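A.B. asks: Below: sequence and its predicted model.
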Amino acid sequence: MKQNFTVRRGALDGVEAFLSVAEHRSFRRAAAALGVTPSAISQVVRALEERVGAALFLRTTRSVGLTEAGERFLSRAKPAFEELVAASEVAGQLGERPAGLLRLAVPRSVVPIVLEPLIASFCEAYPAIEVEIAVSEKLVDLASEGFDAGVRMGEFIAADMIAVRLTPPFPIVVVGSPDYLSRRQPPECIEDLRDHACLRMRRSNGSVAPWSFVDGNEAVEVIVSGPLIAHDYPTVLGAALQGAGLAQVPRPLAEAAIADGRLQALLTSFAVTAPGVFLYHPGRRQVLPKLRAFIEHIRYRSGDAPRDEAAGRALRGRPDANQS
């Protein structure tokens, strides 16, 4: 089995030299075209003939021609080699400028917080990039499922990933609608939650998440009960807006509803602080320009990092619109 692998691995050795000799009908001209010596070309072709098991060229002191085996080899090898060269060029382009399909795995709750405000401007700034957003609450394996990066809250990112901050830390707050709170006494302490309908979240590992708080310097986890268990924050937030109960959600997700009075923030002095939302990917050496452009664009739009406009234009591979 190992011997067969070795043969396959060396199967392309000498093919470029063979094609050059077949094109020029001369070892000397082929060598000049490839920038090597005629003796080197001759040795490589001879080694290829030995692997193939047949002479590929008819050689005389005056000319070089193809044998029948050489003609057959040329008819199959030339288009295959040209396809390999084209494939290399196409793949190489993705390493030179932001282009291609950018696949992101994100939880539903992150879409309105991070992606919705910037996706249109990113697509306009980088028209050669197609963005695919796969919404999933599961912690996906980026490499095996073909994603360039994922977006998660910091505490859910594996230690071997490179994480890029997308938002500052934020509190996880308990919220309730005026309609619900008109029927129940608003909780003033953590223990009061026992008398409330609490809308819960099921984690990707199957367990129902307790509600987390801070009481002084002590972390507190509370097992709550209620009429609904959902798999994502937007669903429990929507149910809270309809008066089904209390929900514990990231403050940025509920901010607009709190600001316009559709929800009221509760137990704020006991709120835990989440580390924020991060983009994560396998490593710096695997960052293609399309992902680097996305990271830069998010930072620029959020105001977390200054951007040099000339560098930004160079990264996009686009001239300044003001230049002729």
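C.D. replies: Perfect, I can see it now. Numbers count the residues shown, from 1 in each chain.

A.B. asks: Where does the prediction get shaky in the stretch 51-200 of the chain?
C.D. replies: 88-96, 155-156 (pLDDT under 70).

A.B. asks: what's near enough to touch the closest residue to V110 other than its chain neighbours?
C.D. replies: Using CB to CB, 6 or more residues apart in numbering and skipping residues adjacent in sequence, the residue nearest V110 is V151, 5.0 Å away. (Glycine included, C-beta is placed from N, CA and C.) Applying CB atoms under 8 Å, 6 or more residues apart in numbering, we find V151 in contact with L104, A105, V106, P107, V110, V114, L115, L166, V277, F278, L279, Y280.

A.B. asks: cool, and L263?
C.D. replies: Here L263 is in contact with V175, G176, S177, A240, L241, A254, A257 (criterion: CB under 8 Å, 6+ apart).

A.B. asks: for the residue nearest to V110, helix, strand, or coil?
C.D. replies: strand (DSSP: H, G, I helix; E, B strand; the rest coil).

A.B. asks: The residue lying closest to P107 once chain neighbours are set aside and R51, how far apart?
C.D. replies: Spatial nearest neighbour of P107, excluding adjacent residues (CB to CB, 6+ apart): E137 at 5.3 Å. Taking CB to CB, to the nearest Å as the measure, E137 falls 53 Å from R51.

A.B. asks: just R97 next, same as before
C.D. replies: Distance from R97 to R51, by CB to CB: 39 Å.

A.B. asks: just L101 next, same as before
C.D. replies: The separation that L101 has from R51, given CB to CB, amounts to 38 Å.

A.B. asks: Next: Q185.
C.D. replies: 85 Å.

A.B. asks: Neighbour count for those two, which is higher?
C.D. replies: Of the pair Q185 and R51, R51 is the one with more neighbours under other CB atoms under 10 Å, namely 12 against 9.

A.B. asks: and the spatially closest residue to G14 that is not a sequence neighbour, what element?
C.D. replies: Distances taken as CB to CB, 6+ apart put L48 closest to G14, at 3.4 Å, once the chain neighbours are dropped. Using DSSP states H and E, L48 falls within helix 38-52.

A.B. asks: Tell me which residues of that helix come out buried.
C.D. replies: I41, S42, V44, V45, L48, E49 (16 or more other CB atoms under 10 Å).

A.B. asks: Dump these into JSON lines; add pLDDT and distance to V249 as well.
C.D. replies: Shown next, in JSON lines, are the buried residues of helix 38-52 (pLDDT from 0 to 100; distance: CB to CB, whole Å):
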{"residue": "I41", "pLDDT": "87", "distance to V249": "69"}
{"residue": "S42", "pLDDT": "89", "distance to V249": "73"}
{"residue": "V44", "pLDDT": "88", "distance to V249": "66"}
{"residue": "V45", "pLDDT": "89", "distance to V249": "69"}
{"residue": "L48", "pLDDT": "88", "distance to V249": "66"}
{"residue": "E49", "pLDDT": "87", "distance to V249": "71"}
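
A.B. asks: what would these look like in TSV with distance to A87?
C.D. replies: What follows is the buried residues of helix 38-52, written out as TSV (distance: CB to CB, whole Å):
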residue	distance to A87
I41	25
S42	29
V44	22
V45	24
L48	21
E49	26
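
A.B. asks: Tell me the confidence at P252?
C.D. replies: P252 carries a pLDDT value of 93.

A.B. asks: Name the helix or strand for it, please.
C.D. replies: helix 251-259.

A.B. asks: Give the buried residues for that helix.
C.D. replies: R251, P252, L253, A254, A257.

A.B. asks: Just the CA trace of the helix holding L48, in PDB.
C.D. replies: The C-alpha trace of helix 38-52 is given here as PDB (Å, rounded to 0.1, in the frame of the first residue of the first chain):
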ATOM      1  CA  PRO A  38      19.400  20.200 -21.600                       C
ATOM      2  CA  SER A  39      21.000  17.400 -19.600                       C
ATOM      3  CA  ALA A  40      18.600  18.000 -16.700                       C
ATOM      4  CA  ILE A  41      15.600  17.800 -19.100                       C
ATOM      5  CA  SER A  42      17.000  14.600 -20.600                       C
ATOM      6  CA  GLN A  43      17.400  13.000 -17.200                       C
ATOM      7  CA  VAL A  44      13.900  14.000 -16.000                       C
ATOM      8  CA  VAL A  45      12.300  12.700 -19.300                       C
ATOM      9  CA  ARG A  46      14.300   9.400 -19.100                       C
ATOM     10  CA  ALA A  47      13.100   8.900 -15.500                       C
ATOM     11  CA  LEU A  48       9.500   9.500 -16.600                       C
ATOM     12  CA  GLU A  49       9.900   7.000 -19.400                       C
ATOM     13  CA  GLU A  50      11.100   4.400 -16.900                       C
ATOM     14  CA  ARG A  51       8.100   5.000 -14.700                       C
ATOM     15  CA  VAL A  52       5.700   4.800 -17.600                       C
END
